[in-house]
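>>> Kindly return the folded structure for what I paste below:
(2 chains)
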Amino acid sequence: MSEQAQQEGNRLVTWREFARRINDPKVIEERGDWAGLCMPIEGMDLVLEPRYPYQGLGGDFWKREHESKEKKAKPEPEDDELWEVVNDWWSDRLRTAVIIIRNKATGKLEWMTNLRRNQQAFLVNTMMASNVWPLEAERKALDKLGSLISHHMFLSYLLTGCFLETSKRSKVRYMFRKLRPTLAIVDEGNGTRLLCGLCLHPIGYYQDSWAGVMCPTDEVVAHLCMMRGDEKKFWANANQHPPDHPGCGA
Amino acid sequence: MNPAGQLDILNVGAGHIEIKFDANDPIEATRAKRIIIDMLTRGYALFIEGKDRTLCRVHRFIAESGTYIIADGPGVPDEAEEITPATLAPAPVPQAVTEGAMENPPPTEDIPPRPRDLRSSEGRAWKKKYAGMKGVSMSKAKVTAVGRSAGG
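Predicted structure coming up:
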């Protein structure tokens, strides 16, 4: 690599560095929004909670930015204008979402599967989202989690990415996992049964992935706080994925 | 040692924000109260660390006295107190108060005394708000704030 190219490369700011700079605590306090600024990722839809002040960052932000420039250059009809979605459902047999679409001009029906909603896509998309999490956020979150759980549970989390805790109220056993929904497990007869995966992302998340806008351990801390402090609301606010759904990650 | 409260806010960025404040300092206390009310208005869930690593959800915050209202239970912290108008009286202001420290103070709430008959409409309303609840001073509590859920 030439020296000039190397110097240019050194001047470029990564997504991670950009996220760190604009979410400095002093800057956040001056802005008055405690959630921070979420980073939109190209090719991924960002879903935000309704009261988040910067809703313009939601959806596929970069696609809208590129499209607004391309449309001015050559306006052509897009796929959305030719086809409309009639129905969609989850197929246990195919383990993916099935979509029925209709051609607006001819009325012809076609079917397709949503390749973005399978486990492999979730894995890759989650890795893509990791580009915006600063490492020090994860380190700080680990310190916080360590103060909330026992040493043994913390070791289990560090080594396996998950730990178990039983609710004193409901006796449901929860498996808190990094970058996966929390599993709710009950004892039944001679064994255990997985009830569902509880998926809850504070502030926002990237669609078709297990990634939230906060670093992974901060999300685990949020799940733990909700379960211990208000278990009923935890279940009410979380999406309850069936065990065989790719969103459950089981 | 000055009484210090702590507020950890989980957010996007370089880790959660830690806000520590000295309750005896009127400027820090006012700033902390404003932040807490802002959090609750935006729909954040606040949790106080109690005994044996339990967490108690904050139902309301009384700005006048700087008191978190939590549900009573086995895990409430030792510092929690019964709710009475005396408990929720405004904290005494230190002599050396700088001018402007109380500019735009957070909104206050009047705590009515407990009605004699809890079966009356007034009594039922009071019971709904305060019965089974305890108060924890913000100067003694370590609180974690979790943002509203976007789903999953």
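
>>> Restricting to C-alpha, output stretch A:28-38 in CSV.
Presented in CSV, the C-alpha positions along stretch A:28-38 are these (Å, rounded to 0.1, in the frame of the first residue of the first chain):
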residue,chain,number,x,y,z
ILE,A,28,-25.5,13.3,25.4
GLU,A,29,-26.3,15.5,28.4
GLU,A,30,-26.1,18.6,26.4
ARG,A,31,-28.4,17.1,23.8
GLY,A,32,-30.7,16.0,26.6
ASP,A,33,-31.5,12.5,25.1
TRP,A,34,-30.2,9.8,27.3
ALA,A,35,-30.5,7.0,24.8
GLY,A,36,-27.7,8.2,22.6
LEU,A,37,-27.6,8.2,18.8
CYS,A,38,-28.2,4.9,17.1
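
>>> tell me the centre residue of chain A?
Nearest to the mean C-alpha position of chain A, by C-alpha atoms, centre = their mean, lies A:Ala211 at 3.0 Å.

>>> Identify the residues contacting it.
Each residue near A:Ala211 by C-beta atoms under 8 Å, 6 or more residues apart in numbering or on different chains is listed here: A:Asn125, A:Thr126, A:Ala129, A:Ser130, A:Leu179, A:Tyr205. For every residue, glycine as well, the C-beta is placed using N, CA and C.

>>> all helices of chain A, in order?
A:3-11, A:15-22, A:25-31, A:61-73, A:79-82, A:119-129, A:135-148, A:151-160, A:216-229, A:231-237 (DSSP state H).

>>> B:His59 is in contact with B:Asp72, isn't it?
No - using C-beta atoms under 8 Å, B:His59 makes no contact with B:Asp72, being 11.0 Å away.

>>> for the helix or strand bottoming out on mean pLDDT in chain B, the distance to its chain's centre please.
Every helix and strand of chain B was ranked by mean pLDDT, DSSP states H and E. The lowest is strand B:81-82, at a mean of 72. Averaging C-alpha positions (C-alpha atoms, centre = their mean, to the nearest Å) puts strand B:81-82 13 Å from its chain's average.

>>> Would you tell me what the next helix or strand after that strand is?
Downstream of strand B:81-82, the next assigned helix or strand under DSSP states H and E is helix B:121-130.

>>> Tell me the buried residues in that following helix?
Judged by neighbour count (16 or more other C-beta atoms under 10 Å in any protein chain shown), helix B:121-130 contains these buried residues: B:Trp126, B:Tyr130.
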